[in-house]
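Student: Provided below are the primary sequence and the corresponding predicted coordinates.
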Amino acid sequence: MKKNRNQAFTLVELLMVVAIIGLLASILIPTVGTVREKAAIASGKSQLSQYLNAIQQFKGEYGYYPFSKGKEDYIIPLSDPTVARLFIETLSGRDTETGQSKAVGGNRKRIAFHDFSENELYLGDDDLTVFSQVADSFNNRNIIIMVDGNGDGFLSPEPASTFPAPPEQKLRESITAWVESDDINDVPAYALWEN
C-alpha cells in the first residue's frame with residue numbers, strides 16, 4: 001500500500017530560504033548604494049570638467065578668463081546665487097529667465113560655450129527647477145571653481161570644509177574645481193584632483 005505524500009516545503013525549509021535571502025539582501029543593498037554614489041560622483045566630476053572646458057574655450061576666444069579679478073588666483077563660488085546666474089549667462093550666452101541671447105560677463109559675441117541641461121540645475125524645495133542656479137548630481141550647490149589668475153601655472157586649492165581634502169601639493173593646472181560637502185543633506189564632497 002502506497003502512502004500519498006504531498007510534496008511541499010516544511011516550515012524549517014521555508015525559514016532557511018527566507019534567512020538566506022535576507023543575508024544576501026543585507027550584503028547586496030549597501031553595495032548597490034555605494035555603486036550609485038560612485039556613479040553620481042563620476043557624473044559630477046564629468047559635469048565639472050565640462051565647466052572647465054567651457055571656461056578654457058572662453059579664454060581661447062577672448063584671451064582672458066571670465067570672472068577674472070586682477071592678477072591673483074581666484075575662486076568662482078557657484079553656491080552664491082548671483083555668481084551662479086552670471087556663470088550660466090556668461091557661458092551659455094543666454095538670459096536665465098527668458099532664454100534670449102544675452103551679452104554678459106565679457107561674452108560680447110554671445111557664444112554658447114556650454115548649454116546647461118536641466119539635470120545640471122538646482123531643484124528647489126518645491127520640486128521646481130531653478131534656472132539660475134547650478135547643482136551637481138546630488139543637487140548640491142556647493143560647487144567651487146578655482147582659476148590661475150596670476151598665470152604662474154599652479155593652483156593651491158583650500159576647500160573651506162573638511163571634505164574634500166586639499167591636494168598634498170600645488171596643482172600644475174590653470175583651472176580646477178571641487179564640490180564641498182553639504183552637511184544638511186548629507187551628500188559627499190569630491191574634487192577633480194582626487195582619483
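Tutor: Looks like it arrived, so ask away. Numbering: from 1, shown residues only.

Student: got any ranges where this protein has weak pLDDT?
Tutor: 1-6, 183 (pLDDT under 70).

Student: which stretches of it form helices?
Tutor: 11-62, 81-92 (DSSP state H).

Student: Buried deepest among those helices, which one?
Tutor: Across the helices of the chain, averaging neighbours per residue (mean count of other Cβ atoms under 10 Å) puts helix 81-92 on top, at a mean of 20. The C-beta positions use only the backbone N, C-alpha and C, and glycine is treated the same way.

Student: Tally up the residues packed near Asn150, please.
Tutor: If you count neighbours by other Cβ atoms under 10 Å, Asn150 ends up with 13.

Student: I'd guessed it sits against Lys69; true?
Tutor: No: using Cβ atoms under 8 Å, Asn150 makes no contact with Lys69, being 10.6 Å away.

Student: Count the neighbours of Arg78 for me.
Tutor: Arg isn't right for residue 78; it's Leu. 25.

Student: actually Pro188, not the one I typed
Tutor: For Pro188, using other Cβ under 10 Å, the count is 17.

Student: Of the helices of the chain, which is nearest His114?
Tutor: Between His114 and these, the shortest gap by Cβ to Cβ is with helix 11-62, which sits at 3.7 Å.

Student: Can you spell out which helices and strands pack onto that closest one?
Tutor: helix 81-92, strand 143-147, strand 175-179, strand 190-191 (3 or more Cβ pairs under 8 Å, 6 or more residues apart in numbering; DSSP states H and E).

Student: Present these as CSV; the columns should include distance to Gln100.
Tutor: Below are the helices and strands packed on helix 11-62 laid out as CSV (distance: least, Cβ to Cβ, whole Å):
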stretch, distance to Gln100
helix 81-92, 11
strand 143-147, 25
strand 175-179, 28
strand 190-191, 34
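
Student: Point out the one among these that comes closest to Glu61.
Tutor: helix 81-92 (11.3 Å).
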